[in-house]
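Student: Following is a predicted model, sequence given first.
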Amino acid sequence: MELPLTFYPKRTQAILLLLVSSAFVAAGIFIVVEGDWKGLICAGFFGLCALVGAVQLLPGSAFLKLTSEGLEYASLFRNHRIPWTAITEIGVCHIRASGLVVRKMVGFNFDPAFTVGARALSQSLSGFEGALPDTYGMKAEDLAKLLIEVQRQTQPAAGGNEDSPARISSG
C-alpha cells in the first residue's frame with residue numbers, strides 16, 4: 001500500500017445540512033416578518049448550522065491522511081495528528097440514542113503516555129478514548145480494518161502480529 005493515503009468526507013451530508021438549514025433560516029425570517037420575534041431564534045440557530053455546512057464544503061476543511069508516522073485528520077479546519085505508536089486499539093463504536101444505533105464511528109484507545117483530553121468521558125460514551133469525526137465515504141468497519149492494516153505495516157514491532165488489538169465494540 002502506497003502512503004500517504006488521503007480520504008475526504010462525502011459532500012452530500014454537508015450539502016444536505018446547508019440546504020435544510022437554509023430552508024429553516026428562510027422560515028425563521030418569514031416568522032419575524034409576520035411579527036413574532038421568536039423567528040430570530042430559529043433563523044439564528046439554523047444560520048449557524050448553514051455556516052457549518054458551507055465550511056465543510058471548503059477545500060481542506062475535512063480530511064483523513066494516513067502516513068507511515070500516523071494519522072492526521074481535520075474537521076472544520078482543526079487539524080489533529082496521532083502517531084501510530086500512541087494508538088493501542090482500533091475498532092468500531094456504536095453511538096446510541098434510546099437504545100438504537102444512530103451512528104457508527106471508528107474509535108481508538110491510546111497508550112497511557114499519550115496526552116489527550118477527555119479520555120474518560122469519551123470512553124464512557126463510546127467505549128473508546130477517541131474517534132474519527134467521519135468515515136470518509138467508507139463503512140466504519142472497513143475504515144477500521146484499513147487503519148489496523150496500515151498500523152501493522154508501518155509499526156511492525158507494535159502491531160505486526162495477528163494478536164494486535166482490534167475489536168468491534170457495541171459501545
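Tutor: Looks like it came in fine. Numbers count the residues shown, from 1 in each chain.
Student: list the helices and strands the helix or strand encompassing Asp142 packs on?
Tutor: Assigned by DSSP states H and E, Asp142 falls within helix 140-154. For helix 140-154, the elements it packs on are strand 63-66, strand 87-97, strand 100-110, helix 156-159, strand 166-168, judged by 3 or more C-beta pairs under 8 Å, 6 or more residues apart in numbering; DSSP states H and E. Bear in mind the C-beta positions are built from the backbone N, C-alpha and C, glycine included.
Student: Any regions of this structure where pLDDT drops low?
Tutor: 157-171 (pLDDT under 70).
Student: domain ranges for it?
Tutor: 6-56, 83-168 (automatic domain parsing).
Student: circling back to that earlier point, using CSV, write down the CA coordinates of the helix holding Asp142.
Tutor: This file holds the C-alpha atoms of helix 140-154, laid out as CSV (Å, rounded to 0.1, in the frame of the first residue of the first chain):
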residue,chain,number,x,y,z
ALA,A,140,-16.9,2.2,9.7
GLU,A,141,-15.8,-1.5,9.8
ASP,A,142,-13.9,-1.1,6.5
LEU,A,143,-12.1,2.1,7.7
ALA,A,144,-11.2,0.4,11.0
LYS,A,145,-9.7,-2.6,9.1
LEU,A,146,-7.8,-0.2,6.8
LEU,A,147,-6.3,1.7,9.8
ILE,A,148,-5.3,-1.6,11.5
GLU,A,149,-3.7,-2.8,8.3
VAL,A,150,-1.7,0.5,7.9
GLN,A,151,-0.7,0.5,11.5
ARG,A,152,0.6,-3.1,11.2
GLN,A,153,2.5,-2.4,8.1
THR,A,154,4.2,0.8,9.4
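Student: which of the residues in it are buried?
Tutor: Ala140, Leu143, Ala144, Lys145, Leu146, Leu147, Ile148, Val150, Gln151, Arg152, Thr154 (16 or more other C-beta atoms under 10 Å).
Student: can I get those in JSON lines with distance to Arg78?
Tutor: Listed next are these as JSON lines, based on distance: C-beta to C-beta, whole Å:
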{"residue": "Ala140", "distance to Arg78": "21"}
{"residue": "Leu143", "distance to Arg78": "20"}
{"residue": "Ala144", "distance to Arg78": "22"}
{"residue": "Lys145", "distance to Arg78": "26"}
{"residue": "Leu146", "distance to Arg78": "23"}
{"residue": "Leu147", "distance to Arg78": "20"}
{"residue": "Ile148", "distance to Arg78": "25"}
{"residue": "Val150", "distance to Arg78": "22"}
{"residue": "Gln151", "distance to Arg78": "23"}
{"residue": "Arg152", "distance to Arg78": "28"}
{"residue": "Thr154", "distance to Arg78": "24"}
